[in-house]
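Chemist: Fold the stuff below for me.
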Amino acid sequence: MIPNIEPAFDPEVDTAQKTTVTVLNNADDEYLLVNSYSQIGFHLSNNVRAFGPIALFPKSVLQWNVQTVEELTLESFSLFYLLDPKIDILVIGVGDRGNQLPGHLLLALMNRRKLGVEVLPTVWQLLHTWQKPCID
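Modeler: Next up, the predicted model:
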């Protein structure tokens, strides 16, 4: 028999570290592909329109609550290093040419969090990198 274990909740600590996730699709869908994108969001192969930054997985998409590269912190990436099974590599699109992920943040993700990271400068490059393995 498996015991019923309740997580301890400390409002002083847990509220500050709380992460919210909004699932935008049904997990039974085929691999998700991006049909088109614009300055405001993405049109996915399952006819879902995702607005703003997203975290795209083979069969699910989540809204990611960051608006600019400058807002990214180590905590912004907590979703990606808490996943089970662990992801092999995180491919990040920084939006426009000229935007860069801060070097200290990139090193922290790779070294402290043991997360493989690939940073691509444009949405087109990111989507091409993402969709190629899904199609093959």
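
Chemist: model confidence over stretch 46-53, on average?
Modeler: The pLDDT scores in stretch 46-53 average 88.

Chemist: what about dumping the CA coordinates of that stretch to PDB?
Modeler: C-alpha atoms of stretch 46-53 as PDB (Å, rounded to 0.1, in the frame of the first residue of the first chain):
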ATOM      1  CA  ASN A  46      -4.000  21.500 -33.900                       C
ATOM      2  CA  ASN A  47      -5.600  24.900 -34.700                       C
ATOM      3  CA  VAL A  48      -4.700  26.300 -31.300                       C
ATOM      4  CA  ARG A  49      -3.500  29.900 -31.400                       C
ATOM      5  CA  ALA A  50      -0.900  30.600 -28.700                       C
ATOM      6  CA  PHE A  51      -0.200  34.200 -27.900                       C
ATOM      7  CA  GLY A  52       3.100  35.500 -26.600                       C
ATOM      8  CA  PRO A  53       6.000  33.400 -25.400                       C
END
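
Chemist: Could you pull out the buried residues of it?
Modeler: Asn46, Val48, Ala50, Pro53 (16 or more other CB atoms under 10 Å). The C-beta positions use only the backbone N, C-alpha and C, and glycine is treated the same way.

Chemist: what stretches of the protein score poorly on pLDDT?
Modeler: Scanning the chain for pLDDT under 70 picks out the ranges 1-29, 132-136.

Chemist: hey, where'd the helices end up in it?
Modeler: 11-14, 78-82, 103-107, 123-135 (DSSP state H).

Chemist: With distance to Arg113 added, can I get those in JSON lines?
Modeler: Formatted as JSON lines, those follow (distance: least, CB to CB, whole Å):
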{"stretch": "helix 11-14", "distance to Arg113": "20"}
{"stretch": "helix 78-82", "distance to Arg113": "4"}
{"stretch": "helix 103-107", "distance to Arg113": "10"}
{"stretch": "helix 123-135", "distance to Arg113": "20"}
